[in-house]
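**Student:** Quick one: sequence plus predicted model below, questions after.
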Amino acid sequence: MRFQSGLNRRQWLRQAGLGIGSLAMVDLMQREAMARNVAPHFAPRAKRVIHLFMNGGPSQVDTFDRKLALNNLDGKSAPIPNLKTERPTGNVLKSPYKFQAYGQCGLEVSELFSKTAEHADELCVIRSMHADVPNHEPSLLLMNCGEARLIRPSLGSWITYGLGSENENLPSFVVMCPGGYPIKESQNWQNGFLPGKYQATYVDSSHSQIDRLIENIRNSAVSRGDQRRQLDLLNALNQPHAISRDHDPRLEARIDSFELAYRMQSEASEAFDTSQESAKTIEMYGSGDFARQTLIARRLVERGVRFVQLYTGAGQPWDTHDDLEPRHRDVAARVDQPIAALLTDLKRTGLLDETLVIWGGEFGRTPVVEMPKKGSNQGKMNGRDHNHYGFTVWMAGGGVAGGTVVGATDELGFKAVENRVHVHDLHATILRLLGYDHERLTYNYAGRDFRLTDVHGRVVENVLA
Amino acid sequence: MRTAAIAALFLAAIALSLVLPPATADAAEREADRIAFFENHVRPVLVEHCYECHSTEAGEAEGGLRLDGPAAMRAGGDRGAAVVPGDIDASLLIRAIEYDDPDMEMPPWGRLPQSDIDHLRQWVDSGAADPRPDQYDPSLDSSESPLDRELSSHWAFIPPRRISSDTWSNLPDVPDSQPNKSESSLHQDPIDAVAARFARRAGVATNGSVDRATLLRRLSIDLIGLPPTAEEVQAFINDRRPDAVHRQIDRFLADPRYAERFGRHWMDLARYADTKGYATAGKERAIAGSHGYRDWLVNAFATDMPYPEMIRHQLAADQTDPKGTLGHQDAMGFLTIGRHFLRHDDTIDDRIDVIGRGLLGLTISCARCHDHKFDPIETMDYYSLYGVLDNSVPSDSSASDLLLVDRPKLRNQRVMIRGQRGNWGPVAPRRYLVRFQERPEEEFVTGSGRLDLVERISDPDNPLTYRVMTNRIWGHLMGDHLVDSPSDFGFRTPPPEIPMLLDDPAADFATHGSIKRLIRRLVRTRIYRQDSSTSESSQQIDPDNQLWARGHRRRLDFESLRDSMLSVSGHLNEIIGGPSVDIMTADVTPRRTLMARIDRQNLPGLFRTFDFASPDMHCPQRYQTTVPQQSLYLMNHPHLHQLARATVATIRRQSGNTLSHEQKVIATFKRVLARSPSQGEIKASLEFLSLPADPPPLRHDPRQLWQYGTGKLVDNKLSNFKPFAHFKNDRYQVESTFPSRGPFKYASLGKRNGHPGPTSNHSVVRRWFSPIAGRVTISGIVGHQKQMGDGVIAVIHAGGKQIFREKQKSNRRPIRNLTARVKAGDAVDFIVAPGKTTNHDSFFWEINLGVTGDDGQRVEASSQSDFGGPNVNAAPEGLTRWEQFAQVLLLSDEFAFVD
């Protein structure tokens, strides 16, 4: 006997910590029907997540981690030797952007995120993030899957596995990226050893036609009315078949799945159709692919989708080894207004209380300039290299201590020095906000219990409201 | 264990509350400060730097020391107390982190920052306040490590034995244990009799046999992965010869489609894919000759190669077929077809895993960083096998790209302490798992040792190899495994409820090694033939069917579902073997699903939706999920519509065009479900057929808007556009032979790739017509993979104007939001011309474009999902009522399950 979750009964019981034969069959099926696969260990503060992934690595000292020292040292060598990053770096490079204090908390934010900054009192800015290496591929995987090299399930897969689906008519885990994949492609949202249904549904949000956004959502050969008649006949044939087979739950589940799919056609189409929004709302989010996918994200969490991840764009848009000033400005201009609108919108509808919004890249950038080299930065000396020693991630929404700053980098913003938060710690904290003890959200595979944080991770208490 | 731990925690909490005196407000405040100090400055350091080797959570207590609780710290480890509150000098923890004593420097990977050390000193000095509960895990403290446990105490580590008279005398006693005559005649196989005895003792009645029609469907799906036709069912029912069933079984086992079915099962174990995984810009991702491994497997199963020999070729074809003249070199895909990780150590780890779990049912990879926590496998064992595989490298001069040969100069492998390269331990001799051999220290003698390893694994006395394989075969045939962790037979895995069901066939299999013989035996049993109905009492007493007193209903996996649909529609092309094919093309690819090209980096959603084996890791068994995305595919994908049409066309071809509605219903039931419909089914179906079909939803076929051809590109002007005349192997080309014998040579366009002809007069053009006037926006990615040659020139014209022109060489170039105005009917051309040289000009180009009309209307296009052959209908045709009916039957539960 296999269950919908993909576990067979014995495995399921083992995972649930129950003895075999301790529950009657019927009871089991009812439990199975419940959304959650893993009971929460704490009262959940958030039910859903929107992860705004700034792929490529935004510079912390140009956004949410202002360093006055850079102005004085601009063009001079740093007082402490530069840490080793991917490429050779040189003297201090000051931030070309203006900063301003926002909100009651007085959070200093650069002009790149001036609109998002209007929500300063909602943000918990973790300035002491650190990762393991200064390269995109392993850092993307670390941020997404808690493991830089091996095949492991992504954060979104773990969360949808734990929390289950809140709306059967929509996929539980949706990833949007306009114009193609980020680097590392679909590995970023892989399900690893978890069942296939916990992998994300990927959507290229540069499309707006529904049948190009979601696979198989439209039928080109059978009208909706005829399809209804097809399903009615299907039911008429399936029902006696199932009845004569003791109502085998797998047969009945498959019968249900056609009805679900039928409803999904309209519900999913509607969820992805931003044209149903008022002109005012569309204007608030602004134009462009990122704006549209952010608005879709709000429509999805509204409908119970668990985890929505939004990439800034294909490839690595924030990766500014050269021409930092115009390029960061350009990328930020695409995301700032939609993000601000998202927060406004979630607040307005009360959804922010139970939705966790996460902003950040796979790492940050150096406060010192990258040395010119043909082929890697067009021989220019006006950009920043990757920096995994210290960077910024912020969170807002369900259970997050808004208007706070956690941890700090050194004087230059190079390295996290106070209350250091490793990516594993971030994951442990995210799971905590969703009601899980990261040490106990496990899955048995290949002879052992795996978890998102492997043998690491601590909950960063200061983040919790 | 869990209960004990909770109880211990609980007791610790009570103990704490008793010991601490009720404090004054002042004292409480100081205590709170001390605890805050611990939380802010001590716990993070311990967690980050120490827990990995010294905590219950990590299951590690190196040197007998745990640092995850106050009592454990004070008790210390082998060397004494780690922490003596208030006494820095006596606290070994402090001495270790100071790095003053070369014998004791912790953490081993580097001294902590001074600030951390200062904090820990201050903490010890001020009394080492520590609010953590004392964790207790008896398995850590228990004196018995898995390395000390006797192998003979675990069922799976003792060689399996046949059922004998001894077995019978030890079987559970049943009051009326003498089976009656009619019952014993059913028990042709001793496992049938044993299972019946167990069932009787438990008070569960064994089910009777299924009818002939159900038996044939069961055998057919299980053995060849395809359903029988109505004619075959009828012939089988009518075959009254006493050995009719046996004859049928033998026919299936002799059928090449049997080899495809079981070859695919093995591909799950071997994490088969056609690509290496992630590779950076422009690097080739295909594994050259990947399909050779699949074809070798199919051939091995077809010829019933003995299992030990199968293992030998898959691990050591360089020695069984050194010149490649025997056709076995591709067998080493078993090792080399896995993901190519960026780090060598991870690639080796993947190979150790596929051997360990795949062949032995042992999770050897768990011993990469520390001795196995549950099984008798040391870290040293891991690096012994690491040494074997590290000394196995690709060869420049072999017949197969999948082959590994021994390193010309062997190198010794040291243990990597905690799995970290550079953290070297002692040399790990190349040898078999020490606990699992009689002379533990015996080392491998031939080269890398792969051949010695084969001998150990395939030894008929190996307690695991044949059991593991027998359990897998059982699972494929019976619908569920006897041991439900098929790739982990370690200490923690319980034996089957009826161990003889596994042991007797496994012991037999170890003597003959014939997979067909094993399968033949199992499908001939009474157990196999039992029907799958349940009764209240069988549900109550044996809900999991561990007593095998009834059959298991099974659902078709992705391959057999898709293959069955191809088969009943009359669309299946049964050519065996050859390069993998894309099954995600717009038109149905009529090949069996095992031929599908598997891109492990970006496995199409369809595969995952239908629980296909992950191509990234050894896959012991498939998940079985039911999700609406499966139904969406079956309802809406044009493939299904095409298959429904083909089903009806096949019936028309066979039965003519003049069928009545009732004849149509009967013929379609027979075609799809291999049976005649009941009266009730006929009635419901006739009602459906009697209504006319609606016209299809109005929609353009997006494929119609694309054209593929050649042209002359001179001075930014394109002329002489001429559509390609031929479409072959999913590629547009100039003539039916490729490369063309004329001037266009390699000029061609595929779904994603292409190649220009020799000069810019022979450029290739992918053309899209805008159906509306408006602003077109173009995004995508273009590039060129080869290192040699001078690359190609990629050009975009929209409405006759050039909007992009760039040379591409060894690159991957994203294109973002190029825009231009177009009129209705204007062409947008994606042109590729060669550079000066004409070689190495293969390119790829993925294009997404959309036009927003002046009236707000929007049309989008994608070069990949819109790609298809030239036979595009002028307007997409709706399904006729009959075709809709055929689709319904393809969607039915009866079609998707085997009783």
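**Tutor:** Ah, there it is.

**Student:** Contact residues of the stretch 251-400 of chain B facing chain A?
**Tutor:** B:278, B:339, B:341-343, B:346, B:349, B:353, B:357, B:363, B:365-366, B:373-375 (C-beta under 8 Å from any C-beta of the partner chain). C-beta coordinates here come from the backbone N, C-alpha and C atoms, glycine included.

**Student:** give me that answer again for 6 Å
**Tutor:** Contacts of the stretch 251-400 of chain B with chain A, taken as C-beta under 6 Å from any C-beta of the partner chain, map to B:343, B:346, B:363, B:366.

**Student:** Show the buried residues in those residues.
**Tutor:** Listed as buried from these are B:346, B:363, B:366; burial here means 16 or more other C-beta atoms under 10 Å in any protein chain shown.

**Student:** Quick check: nearest residue in space to the second one, chain neighbours excluded?
**Tutor:** In space, B:T363 comes closest to A:G447 once its chain neighbours are excluded; the distance is 3.3 Å by C-beta to C-beta, 6 or more residues apart in numbering or on different chains.

**Student:** pretty sure that neighbour is touching B:D488, no?
**Tutor:** Yes. Counting by C-beta atoms under 6 Å, B:D488 is a contact partner of A:G447 at 4.6 Å.

**Student:** quick one: A:P367 is in a strand?
**Tutor:** Yes. Assessed with DSSP: H, G, I helix; E, B strand; the rest coil, A:P367 lies in a strand.

**Student:** in the stretch 551-700 of chain B, which spans are helices?
**Tutor:** Secondary structure of the stretch 551-700 of chain B by DSSP state H, counting those that start in this stretch: the helices cover B:558-568, B:605-609, B:628-636, B:638-655, B:661-673, B:679-690.

**Student:** Mean pLDDT and distance to chain A for those - can I get that in a markdown table?
**Tutor:** Output for these, formatted as a markdown table (pLDDT from 0 to 100; distance: least, C-beta to the nearest C-beta, whole Å):
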| stretch | mean pLDDT | distance to chain A |
| --- | --- | --- |
| helix B:558-568 | 98 | 10 |
| helix B:605-609 | 87 | 4 |
| helix B:628-636 | 93 | 4 |
| helix B:638-655 | 95 | 4 |
| helix B:661-673 | 97 | 9 |
| helix B:679-690 | 96 | 5 |
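
**Student:** would you list every one of the strands in the stretch 51-200 of chain A?
**Tutor:** A:89-92, A:99-102, A:107-110, A:123-130, A:173-176 (DSSP state E, counting those that start in this stretch).

**Student:** Compare the ones you listed and give me the one nearest chain B.
**Tutor:** strand A:123-130 (10.6 Å; C-beta to the nearest C-beta).

**Student:** outside of that closest one, which residues touch it?
**Tutor:** For strand A:123-130, contacts defined as C-beta atoms under 6 Å, 6 or more residues apart in numbering or on different chains pick out A:64-65, A:389-396, A:400-401, A:404-409, A:416, A:418-422, A:463.

**Student:** which parts of the stretch 101-250 of chain A sit against chain B?
**Tutor:** By C-beta under 6 Å from any C-beta, the residues of the stretch 101-250 of chain A that approach chain B are A:149, A:151, A:179-180, A:185-186, A:195-197, A:199, A:206-207, A:209, A:212, A:215-216, A:219-223, A:225-226, A:230, A:233-234, A:236-238, A:241, A:246.

**Student:** Quick check on these: which are buried?
**Tutor:** Judged by 16+ other C-beta under 10 Å, buried ones among these: A:149, A:151, A:179-180, A:185-186, A:195-197, A:199, A:206-207, A:212, A:215-216, A:219-223, A:226, A:230, A:233-234, A:236-238, A:241.

**Student:** Quick check: B:R554 touching B:V898?
**Tutor:** Yes. Shown here, B:R554 and B:V898 form a contact pair, counting by C-beta under 6 Å, at 5.1 Å.

**Student:** on that earlier part again, mean neighbour count added to the helices of the stretch 551-700 of chain B, as JSON lines?
**Tutor:** Formatted as JSON lines, the helices of the stretch 551-700 of chain B follow (neighbours: other C-beta atoms under 10 Å in any protein chain shown):
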{"stretch": "helix B:558-568", "mean neighbour count": "23"}
{"stretch": "helix B:605-609", "mean neighbour count": "21"}
{"stretch": "helix B:628-636", "mean neighbour count": "23"}
{"stretch": "helix B:638-655", "mean neighbour count": "20"}
{"stretch": "helix B:661-673", "mean neighbour count": "21"}
{"stretch": "helix B:679-690", "mean neighbour count": "16"}
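
**Student:** So for B:K728, which of those helices sits nearest?
**Tutor:** Closest approach to B:K728 among the helices of the stretch 551-700 of chain B (C-beta to C-beta): helix B:638-655, 19.6 Å.

**Student:** Run the angle between that closest one and helix B:628-636 for me.
**Tutor:** 40 degrees (axes from the mean of the first three to the mean of the last three C-alpha atoms, to 10 degrees).

**Student:** Name the residues that touch helix B:638-655?
**Tutor:** If you take C-beta under 6 Å, 6+ apart as the criterion, helix B:638-655 is touched by A:221, B:565, B:569-571, B:588, B:634, B:667, B:671, B:879, B:882-883, B:886-887.

**Student:** out of these, which are inside strands?
**Tutor:** With DSSP state E as the criterion, strands contain none of these.

**Student:** Which single one of these is nearest to A:I296?
**Tutor:** For the contacts of helix B:638-655, the nearest to A:I296 is B:L634 (26.1 Å; C-beta to C-beta).

**Student:** Return the residues in contact with that closest one.
**Tutor:** Here B:L634 is in contact with B:640, B:891 (C-beta under 6 Å, 6+ apart).

**Student:** switch to 10 Å and redo it
**Tutor:** Neighbour list for B:L634: A:216, A:257-258, A:261, B:561, B:565, B:610, B:640, B:643, B:887, B:890-891, B:896 [criterion: C-beta atoms under 10 Å, 6 or more residues apart in numbering or on different chains].

**Student:** which two in those are spaced the farthest apart?
**Tutor:** Counting by C-beta to C-beta, the most remote pair of the contacts of B:L634 is A:S257 and B:L643, 19.4 Å apart.

**Student:** how distant is stretch A:154-161 from the center of its chain?
**Tutor:** 10 Å (C-alpha atoms, centre = their mean, to the nearest Å).

**Student:** Revised request: answer the last question for stretch A:73-92.
**Tutor:** Distance, centroid of stretch A:73-92 to centroid of chain: 32 Å (C-alpha atoms, centre = their mean).

**Student:** now swap in stretch B:533-552 and tell me
**Tutor:** Centroid displacement of stretch B:533-552 relative to its chain, using C-alpha atoms, centre = their mean, is 30 Å.

**Student:** Helices of chain A, residue ranges please.
**Tutor:** Applying DSSP state H to chain A gives helices spanning A:9-16, A:25-33, A:69-73, A:136-145, A:155-163, A:210-213, A:224-243, A:249-272, A:279-285, A:289-302, A:324-349, A:423-433.

**Student:** The fourth one - contacts with which helices or strands?
**Tutor:** Other helices and strands packing on helix A:136-145, by 3 or more C-beta pairs under 10 Å, 6 or more residues apart in numbering or on different chains; DSSP states H and E, are strand A:48-53, helix A:155-163, helix A:423-433.

**Student:** Name the residues of the shortest one that are buried.
**Tutor:** By neighbour count, and taking 16+ other C-beta under 10 Å as the criterion, the buried residues in strand A:48-53 are A:48-53.

**Student:** Reformat those as a markdown table; add pLDDT and distance to B:Q546.
**Tutor:** Shown next, in a markdown table, are these (pLDDT from 0 to 100; distance: C-beta to C-beta, whole Å):
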| residue | pLDDT | distance to B:Q546 |
| --- | --- | --- |
| A:R48 | 96 | 40 |
| A:V49 | 98 | 40 |
| A:I50 | 98 | 45 |
| A:H51 | 98 | 43 |
| A:L52 | 98 | 49 |
| A:F53 | 98 | 46 |
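
**Student:** isn't B:R435 right up against B:S145?
**Tutor:** No. Look at B:R435 against B:S145 with C-beta atoms under 10 Å: they stay out of range, at 11.4 Å.
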